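Novice: One predicted model, sequence on top.
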Amino acid sequence: MHRASATGAFATLAEGHAVSALLFTFSYFEMLTLHFTIIAGSLALVSAVIFILVSRHSAPPANEQIRQFTFHHQTMQKQTALGWWQDYRVHSLILILLTTALLIAHW
C-alpha cells in the first residue's frame, strides 16, 4: 500500500531541519567540505528516506483525508458557486504572467 501520513511529514520537517543544522555546523567549522549542491541533494535524499520510513510505520490517514487532499478530476471542474477571483486557475495564470514579466525584466 502506497501512502503518506501527517506523522511522516512532521517527522521529515523536524528531523530534516536537525540534519540540515548538523551539516551546516560541520560546514561552518570546515569539517565538511562538500559543494552546497551536493549537500542539498543529500538533504533531499535523507528527507525522502525519513518520510517514507515514518509514513510506513505510522497509522494511515483516514479515507476522508485521502479523498479530500488527493488530486482527482472533479477538482478540475469549474465551481460555479465561486467567483472568478476565487478560481485557482486565475491565480495560477497571474503567477505565470508575473514570473514571465520578472524573467523578461531581469534577462
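Specialist: Perfect, I can see it now. In this text, all values refer to a predicted model and were calculated from it rather than measured experimentally. Numbering: from 1, shown residues only.

Novice: Residue ranges in this structure under the pLDDT threshold?
Specialist: Low-confidence segments of the chain (pLDDT under 70): 1-2.

Novice: now the strands for it?
Specialist: In the chain, no strands are defined using DSSP state E.

Novice: can you pull the buried residues of the longest helix along the chain?
Specialist: Longest helix in the chain by number of residues, with DSSP state H as the criterion: helix 6-28. For helix 6-28, the neighbour count (16 or more other CB atoms under 10 Å) marks 7-8, 11-12, 15-16, 20, 23 as buried. Where you see a C-beta, it was placed from the backbone N, CA and C, and this is true even at glycine.

Novice: Among those residues, find me the one that's closest to Lys78.
Specialist: The closest of the buried residues of helix 6-28 to Lys78 turns out to be Gly8 (CB to CB; 33.6 Å).

Novice: list the contacts for that closest one?
Specialist: By CB atoms under 8 Å, 6 or more residues apart in numbering, the contact set of Gly8 is 50-55, 58.

Novice: Excluding covalently adjacent residues, which one is nearest to it?
Specialist: Closest residue in space to Gly8, ignoring its immediate chain neighbours: Ser55 at 3.2 Å, by CB to CB, 6 or more residues apart in numbering.

Novice: what's the burial count for the one you found?
Specialist: Here the count is done by other CB atoms under 10 Å, and Ser55 has 21 residues near it.

Novice: tell me the contacts of it?
Specialist: Ser55 sits next to 3-5, 7-8 when contact means CB under 8 Å, 6+ apart.

Novice: Quick check: chain neighbours aside, which residue is closest to Ala6?
Specialist: Nearest to Ala6 is Pro61, by CB to CB, 6+ apart, at 6.7 Å.

Novice: distance of the one you found from Thr12?
Specialist: Applying CB to CB, to the nearest Å, the value for Pro61 to Thr12 is 15 Å.

Novice: what do you get for Ala59?
Specialist: 16 Å.

Novice: Likewise for Ser55?
Specialist: Using CB to CB, Ser55 is found at 9 Å from Thr12.

Novice: on that earlier part again, redo the contacts of Ser55 as TSV? Include distance to Leu98.
Specialist: TSV is the format used below for the contacts of Ser55 (distance: CB to CB, whole Å):
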residue	distance to Leu98
Arg3	35
Ala4	31
Ser5	35
Thr7	36
Gly8	33
